[in-house]
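A.B. asks: The amino acid sequence is not available; the structure is as follows:
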């Protein structure tokens with residue numbers, strides 16, 4: 001028989017052989033919510049005669065069911081629709097609210113088949129008519145209900161994954177601009193590699209624009225943190241930077257405007273961004289550089305590469321309204337080029353210990369590849385950095401690289 005309650009506050013687990021134990025993970029677990037002892041006995045007999053072995057626990061009310069569901073997750077709930085504290089479709093809604101991932105099979109009377117159909121429409125996986133169920137049909141209904149619920153959950157998870165992928169793709173398109181060049185003679189190679197270790201986008205961004213007077217402008221930046229919020233902020237800063245350039249606003253004033261946007265748009269006060277912005281006139285052997293909390297850049301030419309750090313100011317958002325960013329002149333000899341990048345390129349681990357590639361390691365990789373064409377040079381840097389970090393799962397952070405030459 002189904003074990004009766006020995007105490008008003010104690011829920012008794014029941015098995016087909018009458019032994020009180022916990023849920024057995026190797027067999028489906030079923031919670032019977034039924035206030036009628038006779039009907040509960042019929043269910044126990046169906047369980048005993050069914051080819052599907054399962055664990056059965058019996059409670060008499062929705063309140064008792066809620067107590068069980070708050071602590072455990074059975075695979076299936078056999079639910080009577082005439083409980084002392086819940087009836088009809090209300091009972092289905094209450095179970096779904098407590099444990100939406102649990103399959104529900106509704107138990108109805110002989111004259112309530114339409115109610116059973118309505119319960120399925122409301123979210124139950126199946127219904128059974130009391131007194132008209134054979135053991136084989138009972139076991140099949142429970143098994144199929146569990147499988148249908150699992151299929152529903154998989155479909156929901158897949159849909160969420162597809163929506164996340166679409167959202168990430170939209171953010172990536174915002175982070176991957178099309179260079180706006182107006183004349184020949186400017187050579188640009190840009191790469192963006194999302195840090196997939198977190199399965200989320202970060203806030204690295206870049207852009208290249210040639211204004212109407214022929215001046216070439218490039219920027220690379222990095223919003224602190226990883227995730228959609230940071231990626232969206234990176235997109236906002238990139239678009240704002242391009243708008244400011246096309247409006248003729250450059251240098252320290254441009255960086256100040258970008259900080260205003262960051263402060264207004266960031267989700268948390270601790271979020272900040274670093275960037276380095278470059279402006280150069282084709283034919284001239286120098287560039288104007290503004291650096292805000294960003295690391296150095298690479299200058300390559302004459303078969304060699306060197307690391308350059310010009311004077312700069314703090315990252316955007318650290319001291320809102322109180323920072324100053326000087327404009328520095330960077331000599332760029334004829335035939336030389338400049339490489340801007342984010343720190344994801346050199347912060348990857350190169351062993352199982354704490355050692356990272358670092359600035360010196362990246363510089364050595366760049367010097368080893370100094371004789372390559374621009375595209376091959378950039379790809380070699382990223383591939384080598386990724387290969388060195390492979391033992392630790394690859395590069396964990398986003399990487400943005402812009403290689404620009406105008407002479």
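C.D. replies: Looks like it came in fine. As the structure is a prediction and not an experimental result, all values here were calculated from the model.

A.B. asks: Is it correct that residue 234 is in contact with residue 205?
C.D. replies: Yes - contact criterion Cβ atoms under 8 Å: residue 234 and residue 205 qualify, at 4.0 Å. Where you see a C-beta, it was placed from the backbone N, CA and C, and this is true even at glycine.

A.B. asks: neighbour-wise, which of the two wins?
C.D. replies: residue 205 (29 against 26; other Cβ atoms under 10 Å).

A.B. asks: I'd like to know which elements whatever helix or strand that one lives in is packed against.
C.D. replies: Secondary structure assignment for residue 205, by DSSP states H and E: strand 202-210. In terms of contact count using 3 or more Cβ pairs under 8 Å, 6 or more residues apart in numbering; DSSP states H and E, strand 202-210 is assigned the packing partners helix 135-175, strand 187-193, strand 216-226, helix 228-246, strand 399-405.

A.B. asks: repeat that with 10 Å
C.D. replies: Strand 202-210 is packed against helix 135-175, strand 187-193, strand 216-226, helix 228-246, strand 273-280, strand 337-341, strand 399-405, with contacts defined by 3 or more Cβ pairs under 10 Å, 6 or more residues apart in numbering; DSSP states H and E.

A.B. asks: can you tell me the average pLDDT over the shortest one?
C.D. replies: So the one you mean is strand 337-341. For strand 337-341, mean pLDDT rounds to 97.

A.B. asks: Name every strand pairing with it and say which way it goes.
C.D. replies: strand 297-301 (antiparallel), strand 399-405 (antiparallel) (DSSP bridges).

A.B. asks: Buried deepest among those strands, which one?
C.D. replies: Of all the strands paired with strand 337-341, strand 399-405 has the most neighbours on average by mean count of other Cβ atoms under 10 Å, namely a mean of 24.

A.B. asks: between that strand and strand 273-280, how many degrees?
C.D. replies: 10 degrees (axes from the mean of the first three to the mean of the last three Cα atoms, to 10 degrees).

A.B. asks: Number of residues surrounding residue 131?
C.D. replies: 9.

A.B. asks: Does it belong to a helix, a strand or coil?
C.D. replies: coil (DSSP: H, G, I helix; E, B strand; the rest coil).

A.B. asks: Quick check, it in contact with residue 36.
C.D. replies: No - using Cβ atoms under 10 Å, residue 131 is not in contact with residue 36, being 11.9 Å away.

A.B. asks: Quick check: neighbours shared by the two?
C.D. replies: Contact criterion Cβ atoms under 10 Å, 6 or more residues apart in numbering; residues bridging residue 131 and residue 36 by contacting each: residue 42.

A.B. asks: right, and residue 56 touches residue 43 too?
C.D. replies: Yes - the pair residue 56 and residue 43 qualifies as a contact (Cβ under 10 Å) at a distance of 7.3 Å.

A.B. asks: so can I have a markdown table of the helices and strands packed on strand 202-210 showing distance to residue 117?
C.D. replies: Output for the helices and strands packed on strand 202-210, formatted as a markdown table (distance: least, Cβ to Cβ, whole Å):
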| stretch | distance to residue 117 |
| --- | --- |
| helix 135-175 | 14 |
| strand 187-193 | 53 |
| strand 216-226 | 48 |
| helix 228-246 | 41 |
| strand 273-280 | 57 |
| strand 337-341 | 62 |
| strand 399-405 | 56 |
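
A.B. asks: Quick one, which of those gets closest to residue 49.
C.D. replies: Comparison of the helices and strands packed on strand 202-210 against residue 49 by Cβ to Cβ identifies helix 135-175 as nearest, at 3.7 Å.

A.B. asks: what mean pLDDT does that closest one have?
C.D. replies: On average, helix 135-175 scores 79.

A.B. asks: Would you tell me which of the strands paired with strand 337-341 gets closest to residue 244?
C.D. replies: Among these, strand 399-405 sits nearest to residue 244 (Cβ to Cβ), with 17.4 Å.

A.B. asks: sorry, back to before: so which of the strands paired with strand 337-341 is nearest residue 227?
C.D. replies: strand 399-405 (16.6 Å).

A.B. asks: what angle separates that closest one from helix 228-246?
C.D. replies: Angle between the axes of strand 399-405 and helix 228-246 is 20 degrees (criterion: the same axes, to 10 degrees).

A.B. asks: what's the angle between strand 399-405 and strand 187-193?
C.D. replies: 180 degrees.

A.B. asks: hmm, back to that, mind checking the helices and strands packed on strand 202-210 for the one nearest to residue 106?
C.D. replies: So among those, helix 135-175 is nearest, using Cβ to Cβ, at 9.9 Å.

A.B. asks: Give me the helices and strands touching that closest one, please.
C.D. replies: strand 29-33, helix 37-49, strand 76-80, strand 103-108, strand 126-129, strand 202-210, helix 228-246.

A.B. asks: Now distance to residue 278 and mean pLDDT too, for the ones you listed, in CSV please.
C.D. replies: Shown next, in CSV, are those (distance: least, Cβ to Cβ, whole Å; pLDDT from 0 to 100):
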stretch, distance to residue 278, mean pLDDT
strand 29-33, 64, 93
helix 37-49, 74, 88
strand 76-80, 63, 93
strand 103-108, 60, 91
strand 126-129, 66, 89
strand 202-210, 9, 90
helix 228-246, 11, 92
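
A.B. asks: and the ones you listed as TSV, adding distance to residue 373?
C.D. replies: Converted to TSV, these look like this (distance: least, Cβ to Cβ, whole Å):
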stretch	distance to residue 373
strand 29-33	64
helix 37-49	73
strand 76-80	64
strand 103-108	60
strand 126-129	65
strand 202-210	18
helix 228-246	27
